Structures are given as C-alpha cells and as structure tokens.
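Participant: The sequence isn't on hand, but the structure is:
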C-alpha cells in the first residue's frame, strides 16, 4: 500500500518536472528564434570606381553614384537590421580614361582594411565587391574576388568568366549585358536553317570588347552540332581605309556567305555597309546582323547623329539589308541604353548627379541602364542577405560561393523592375531581333527571346518585312560563285542541241525508209505502172491509185 502511494505521488511530480523542462526549452527556442530575427548584420560593399564622364556608359561615379545612394536609402528604410556601408576605391590619377591600376588600388585597400577586423567576426559579416567596372580591369577584379571567395557583382560590364562556375563560382551580374544575347544565336541560325555564316569583328578600334564579342559569337556558332560552317573575318576599319581595301573584304565575304554577323562600332560598320551598297551587296539575298546597339545612329554617345565622320545618312540606305539583334524592354529596343523618360528615378538621379558630383546632364540625355542595374545590385544583395540572416542555422557569410548560389535561378522585385538570374548568375535579358523600317527610321522587333523555366525558345511577335523572299537562304541558288547556274545553263544548251539533232535525224531516217520501201516495191513489182508514168501532157486529174502501195496520186487522162 505504501509503495502504491509513493508511485501516485511521483506521477504528478514527474509530470510537473517534464512540463517545466518543456516550458523552459520552448521558451528558449522562442527566445532563440527572436534573437535570430533581431540579429543585425554588417554588410561591407567595396566598389572600385572612377570619376571621368567620357566613359559614362560604363559607369563613372557621376552617373551611377546617385543610383547607389538611392539604393542605400531604400535599404536603410526597408531592412533596418542591415548595416550597409559602401566604400568607393578610386585609383590615384583617375581622370577621363578607364584606369588599368584599379586592381592594385583595390588589393591595397582590401588588405589594409582586413587588419582592423577580428577574424571571429568574418562569419557574421558580409563583404563583397559591387562595381560597374571598365573592360581594362574587369577580369583582374573578378579573379581577385574569386581568389578571396568573395562575391563579385558587376553592374556595368560583363565577361566570359561568368559562364565558368568551376573556376569563378562567386561571379554575378545585374547588367543587361550584350553577352546575354549569345544564347539566342544558336536558335536563330536553326530557325532559318542558316548553315553558312560569317562573323566580322573589329580588331582594336574604339573598344576592344567588340573583338571579344565577335570571337565569342564565332566560338558559339562554329561549335554547333549539326555543324554550321562559320568564317571568322577580323578587320581593322577604324583608321583610314580605301575603297579598294573595303572591296577586298567584301569580295571575301561574297565568296563565302550571305549571312553576315557584324560585331563593331558604328564608325567601322558604316564604312563596310556603305561600300557594300556601292558594290551591289545590299539586296534581298544578303543579311547583315548587327549585334551591337552602338552600331546604330541613334544609340551610344560621341554625338553620333551630328558627326559627319560616321556618315549615317549614307549608311541608312544600307539598313534595308540589316537586322538588329539587341537588348529590349517592354518589347522595344533600348535606345541610347537609357532609362525610360517616365521612370521616377530619372529626375532624382539627374538632380543627385548635379548636387553630389557637379555633373549636369545635357538636354535629352537620361541616366543609363547601368545606373538602374547598379541600384538593383545593392537592393538585391540586401534582400538575399536579410533572408539568409533569418535562418535558424547561422549562415556563413564569409563563404562567397555559398552566398552567390542564393541568387541562381531567382527573380527579385525592385523599383527599377523585376531582375531575374539564370543558373549561372547572369541577369536574364530580353533579346529582340528587328528589321529596319525606313518610314520611321527605326528597327521593329519581330522575334523575342526571353528564356524562363517554362519557355526557352524564340517567340514570333510579327512577320518580318523584307524586300525579297524570307528567310534568306544561307547559300544562293547558283552557289556563291554562280558556277552552279552557269553549269546548268550549259547543260540545257547542249541538251537542246542534242535533241534538235536527234529530231532531224529522225526526220531524215523516216524519209529514207519511205524512199527505200518505194524503191524495193518498184523493183519487185516491175509490172505495176507507177503514177509518174501515167501522166499525159496537157491533161491532169487527181485520183487515188489502186496500184500504189504508198497511196501516191495517179494522174489519169481525161478526154
């Protein structure tokens, strides 16, 4: 009995103990969860930069600085637990040129800065490189960041390193890069069954990026299976060049293809297109695919429309044989790489450029898409950082590879529009292919390529307007040299001559056989009088002879 009482007493006691432990653990979990949600995060953004305005399209501070400033203001308001700081590393002596010493200044700043940060804080502190960049130092900065296992997010220029996730796993980009259109090229040549093409690219010239882009296009097309016969034609047209030299280049193209991709600035491209029209190579049998928006007169900088040097009035007469493959927004080509005039940030950033950087936009000029992508870069980093900060298990912010993976294959909403990343960390751009409309002096999109998880093909927007049969065959009916048609004409002439001779021989043979049979008949039937022997002078009459085997006419005398 006593034993049973002890058990009864112990049961509620055990229950109370278990309940107390659960309450303590539950409270601890709630406190832990609350601690996770209120745990602040320091984000250090290091941005290599320069201050010149001549290269504004690539992201000089007077152009993109206001966008970064707006992004920091919005992050502070929307993510109060993120302490975001941004430092601009400006090379000494940086003026109007794209500096090559950016990487040295960046490394010097980074390692000096590291000495003041305790090692135990690195896992709870996010450090990354966000910059617009220029072509001369881009690759070096990307290699530097990858070596440190830090995210390198470019918002003004891109490189082929982005596609190599084995060697460069921390690279991202928010820029609407021309490289984003490379995915449309295989689909384009397959759609129109173009099996023979040429890629013309400018060597050196205004921007060395054209050569890299041209070689990338060649590598993509020449590596397709089934094989596409691709010719690579490097040219140097920026300097003085004679019509004879241009004609030599065009003759080479004429002998090998009718589908020609041109990766060059408008200055050399216009020279080639003007000479092509003079040489009779602007017609419905030629297609010149312009793969750079800077090829067009109403895009780019350097006062292209007003410069006689670019010869746009002459070049426009050649655009009827051209297609434009370029970046788009809202199913329209992005002109001047500028933001829409109606966007609310346009006036804000123009005002900031004047007040903070003493730069005033000229009439008709607007902030570029590089400014928009710079804004998006910081805002998207904040969105991802705040998300992983809230995870129950602590996130290792010192692992740039792991942090970069949080961007892959996702779409983020920002004030400059949705920004989508592919599986390689590249921004998915809207690519358009358009024909030239001379009435409106513009290219009209008729094909769209905007890959998504559910659709990864070309979308037809409207039928293309072409002044001949479409699609243009990659090889003329008579061959590139016209030999096929010459050979065919010769065969036809010879065939007709042989046929005429055979007909003549047939007629002669028939006459001979008729005569020979008549001769045999007369020889074997010598007693039968022939009609020619029955004709009397001055008398004539026509009747069928009953004696003639060949129904000859017998002349019988009539009184």
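Facilitator: Looks like it came in fine. Just so it is clear, the structure is predicted and the values come from calculations on it, not from any experiment. Residues are numbered from 1 along each chain as shown.
Participant: For burial, what's the neighbour tally of the residue lying closest to residue 247 once chain neighbours are set aside?
Facilitator: Spatial nearest neighbour of residue 247, excluding adjacent residues (C-beta to C-beta, 6 or more residues apart in numbering): residue 279 at 6.1 Å. All C-beta atoms are positioned from the backbone trio N, CA, C, and that covers glycine. For residue 279, the neighbour count with other C-beta atoms under 10 Å is 14.
Participant: Dihedrals phi and psi, residue 279?
Facilitator: The phi/psi pair for residue 279 (degrees, to the nearest 10) reads phi -90, psi 10.
Participant: Next: residue 88.
Facilitator: In terms of degrees, to the nearest 10, the main-chain angles of residue 88 are phi -90, psi 120.
Participant: Hmm, residue 49 and it touching each other?
Facilitator: Yes: between residue 88 and residue 49 there is a contact at 4.3 Å, judged by C-beta atoms under 8 Å.
Participant: who touches both of those two?
Facilitator: Both residue 88 and residue 49 are contacted by 61, 65, under the criterion C-beta atoms under 8 Å, 6 or more residues apart in numbering.
Participant: Between the two, tell me which one has more neighbours.
Facilitator: Taking neighbours as other C-beta under 10 Å, residue 88 and residue 49 compare with residue 49 leading, 23 against 15.
Participant: And the pLDDT for the more buried one?
Facilitator: Here the pLDDT value assigned to residue 49 is 84.
Participant: what's the distance between the residue nearest to residue 247 and residue 148?
Facilitator: Using C-beta to C-beta, to the nearest Å, one obtains 54 Å as the distance from residue 279 to residue 148.
Participant: now the helices for the stretch 251-400 of the chain?
Facilitator: 266-278, 312-316, 344-357, 369-389, 400-405 (DSSP state H, counting those that start in this stretch).
Participant: and those helices as TSV, adding mean pLDDT and distance to residue 469?
Facilitator: Listed next are these as TSV, based on pLDDT from 0 to 100; distance: least, C-beta to C-beta, whole Å:
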stretch	mean pLDDT	distance to residue 469
helix 266-278	89	20
helix 312-316	79	24
helix 344-357	93	44
helix 369-389	94	37
helix 400-405	96	48
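Participant: looking at those helices, which is closest to residue 198?
Facilitator: helix 266-278 (11.8 Å; C-beta to C-beta).
Participant: chain center to the closest one: distance?
Facilitator: 21 Å (C-alpha atoms, centre = their mean, to the nearest Å).
Participant: I'd say residue 418 and residue 412 touch.
Facilitator: Yes: counting by C-beta under 8 Å, residue 418 sits close enough to residue 412 to count as a contact (6.9 Å).
Participant: The two: which is more packed in?
Facilitator: residue 412 (17 against 10).
Participant: ok, so what distance separates that one from residue 77?
Facilitator: Counting by C-beta to C-beta, the gap from residue 412 to residue 77 is 17 Å.
Participant: again with residue 158
Facilitator: Using C-beta to C-beta, one gets 30 Å for the distance from residue 158 to residue 77.
Participant: These two - which one has more neighbours?
Facilitator: Set side by side, residue 158 and residue 77 show more neighbours around residue 158, with 25 against 8, by other C-beta under 10 Å.
Participant: Can you give me the distance of that one to residue 144?
Facilitator: Applying C-beta to C-beta to residue 158 and residue 144 gives a distance of 17 Å.
Participant: And residue 469, by the same measure?
Facilitator: Relative to residue 144, and taking C-beta to C-beta, residue 469 is found at 53 Å.
Participant: Give me the more crowded residue out of those two.
Facilitator: residue 144 (20 against 9).
Participant: mind listing what the more buried one touches?
Facilitator: Residue 144 makes contact with 103, 106, 107, according to C-beta under 8 Å, 6+ apart.
Participant: and if you look at residue 382?
Facilitator: Per C-beta under 8 Å, 6+ apart, neighbours of residue 382: 43, 75, 78, 79, 82, 84.
Participant: give me that answer again for 7 Å
Facilitator: Counting by C-beta atoms under 7 Å, 6 or more residues apart in numbering, residue 382 touches 75, 79, 82, 84.
Participant: returning to what we had before: only the buried subset of the contacts of residue 144, as a ChimeraX command please.
Facilitator: Here is the ChimeraX command that picks out the buried ones among the contacts of residue 144, judged by 16 or more other C-beta atoms under 10 Å:
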select :103,106
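Participant: Kindly indicate which of the contacts of residue 144 lies nearest residue 163.
Facilitator: Closest approach to residue 163 among these (C-beta to C-beta): residue 103, at 21.4 Å.
Participant: quick one: which helix or strand includes the closest one?
Facilitator: For residue 103, the host element (DSSP states H and E) is helix 102-114.
Participant: Buried residues, that helix. List them.
Facilitator: Neighbour counts using 16+ other C-beta under 10 Å place 102, 103, 105, 106, 110 of helix 102-114 among the buried residues.
Participant: Any stretches of the stretch 201-350 of the chain with poor pLDDT?
Facilitator: In the predicted model, the stretch 201-350 of the chain carries pLDDT under 70 at residues 206-207, 292-310, 335-336.
Participant: What's the separation between the residue positioned nearest the centre of the chain and residue 233?
Facilitator: Per C-alpha atoms, centre = their mean, the C-alpha nearest to the average position across the chain is that of residue 181, at 2.4 Å. Using C-beta to C-beta, we find residue 181 at a distance of 20 Å from residue 233.
Participant: Skip the chain neighbours and tell me the closest residue to the residue nearest to the centre of the chain.
Facilitator: Closest to residue 181 by C-beta to C-beta, 6+ apart is residue 431, at 4.6 Å.
Participant: wait, the one you found sits on residue 184?
Facilitator: Yes: proximity of residue 431 to residue 184 meets the contact threshold set by C-beta atoms under 7 Å, at 4.8 Å.
Participant: which residues are common contacts for those two?
Facilitator: With C-beta under 7 Å, 6+ apart as the test, residue 431 and residue 184 both reach 325, 449.
Participant: I appreciate the help and will end here.
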